[in-house]
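K.L.:
Predicted model follows, preceded by the sequence.
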Amino acid sequence: MEQLEIGQVVAERDLHLTRDSLVRYAGASGDFNPIHYRDDVAAAVGLPGVLAHGMLTMGAAVQPVVDWAGPARILDYQVRFTRPVVVDPEAGAQLHVVATVGQLGEGTARIDLTVTAEGRTVLGKAQVVVATDR
């Protein structure tokens, strides 16, 4: 943690979401909105397909930082949802996460996440504040 520099990539990971991932998340969260598991309902409301839960995407995206820093160092995490993640019934969806040091403070670092699916950003202003002095 003491060797951090602005612009340094601290974690990078590809994450694969499947329709099974969505079912498991729905069971854990209680979010059984059919846009997360039924193609016909998603199409009926004008969506391009079944969507991953926003909070599932958010939680999956921060995991590389948690693995790098440790859960006790996470002080704050915020995102802006910019684009839905469509989960194909066969191929699923691939998320790519890059975690970069965006700012250093007294005992903290702001880690900026770039989260993409199919080459397009799906989370905007995704930032994790981690303690560097623990």
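P.N.:
Here it is on my side, so go on.

K.L.:
Could you use CA atoms for every contact and neighbour count after this?
P.N.:
Fine.

K.L.:
quick one, what contacts the closest residue in space to residue 53 that isn't next to it in sequence?
P.N.:
Excluding the flanking residues, the one nearest residue 53 by C-alpha to C-alpha, 6 or more residues apart in numbering is residue 36, at 6.7 Å. By C-alpha atoms under 8 Å, 6 or more residues apart in numbering, the residues touching residue 36 are 22, 42, 50, 51, 52, 53.

K.L.:
so how many other residues sit close to the residue lying closest to residue 7 once chain neighbours are set aside?
P.N.:
With C-alpha to C-alpha, 6+ apart as the criterion, residue 7 has its nearest non-adjacent residue at 5.2 Å, and that residue is residue 101. For residue 101, the neighbour count with other C-alpha atoms under 10 Å is 21.

K.L.:
Residue 109 is in contact with residue 101, correct?
P.N.:
Yes. Taking contacts as C-alpha atoms under 8 Å, residue 101 lies within contact range of residue 109: 6.8 Å.

K.L.:
now this structure, which segments are flagged as low pLDDT?
P.N.:
Within the chain, no stretch has pLDDT under 70.

K.L.:
hey, where'd the helices end up in it?
P.N.:
With DSSP state H as the criterion, the chain has helices at 19-29, 39-44, 54-69.

K.L.:
For residue 113, see how far away the residue nearest the centre of the chain is.
P.N.:
The C-alpha lying nearest the average C-alpha coordinate of the chain belongs to residue 61 (C-alpha atoms, centre = their mean; 2.4 Å). The spacing between residue 61 and residue 113, counted by C-alpha to C-alpha, to the nearest Å, is 8 Å.
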